[in-house]
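Novice: sequence unknown, structure follows:
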């Protein structure tokens, strides 16, 4: 997966690839509790519903959605599209 945000700094990675709603948001909710205010979490997902659910999660709980990117699965070894998020804990 090649994105324009590969080198974006983050404090914690949550890879929810292969999981479907509501698991990605539940994992994010659990993981964000480990962070101090202002720290950044990177989320990788394959569930398209995260494009709707994660921004709403951030808005509802006061976290800043820094990056939201849809990466189409065009690489030979990559079957699915993926969704990339960088979130700053608020």
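Specialist: Received, thanks. Since the model is a prediction, treat every value here as computed from it, not as a measurement. Numbering: from 1, shown residues only.

Novice: For the chain, which segments are assigned as strands?
Specialist: Secondary structure of the chain, counting by DSSP state E: strands at 12-15, 40-45, 64-71, 82-88.

Novice: Now find how far off-centre the third one is within its chain.
Specialist: Read that as strand 64-71. Centroid separation for strand 64-71 versus its chain: 7 Å, with CA atoms, centre = their mean, to the nearest Å.

Novice: where does this protein have low pLDDT?
Specialist: Across the chain, the ranges flagged by pLDDT under 70 are 1-6, 74-79.

Novice: where exactly do the helices run in the protein?
Specialist: Taking DSSP state H as the test, the helices found in the chain are 23-32, 50-61.

Novice: Can you name the residues bridging to the spatially most central residue of the chain?
Specialist: Nearest residue to the geometric centre of the chain (CA atoms, centre = their mean): residue 43, 2.6 Å. Residue 43 forms beta bridges with residue 14, residue 85, as assigned by DSSP bridges.

Novice: wait, isn't it in contact with residue 25?
Specialist: No. Taking CB atoms under 8 Å as the definition, residue 43 is not a contact partner of residue 25, at 9.4 Å. Where C-beta positions appear, they are placed from N, C-alpha and C, glycine not excepted.

Novice: Quick check: neighbours shared by those two?
Specialist: 50, 54 (CB atoms under 8 Å, 6 or more residues apart in numbering).

Novice: Who are the contact partners of the residue nearest to the centre of the chain?
Specialist: 13-16, 24, 28, 50, 54, 83-87.

Novice: can the helices of the chain go into JSON lines with extra columns for distance to residue 69?
Specialist: Formatted as JSON lines, the helices of the chain follow (distance: least, CB to CB, whole Å):
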{"stretch": "helix 23-32", "distance to residue 69": "15"}
{"stretch": "helix 50-61", "distance to residue 69": "10"}
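
Novice: Can you add mean neighbour count and distance to residue 39 and give those helices back as JSON lines?
Specialist: Shown next, in JSON lines, are these (neighbours: other CB atoms under 10 Å; distance: least, CB to CB, whole Å):
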{"stretch": "helix 23-32", "mean neighbour count": "17", "distance to residue 39": "9"}
{"stretch": "helix 50-61", "mean neighbour count": "16", "distance to residue 39": "14"}
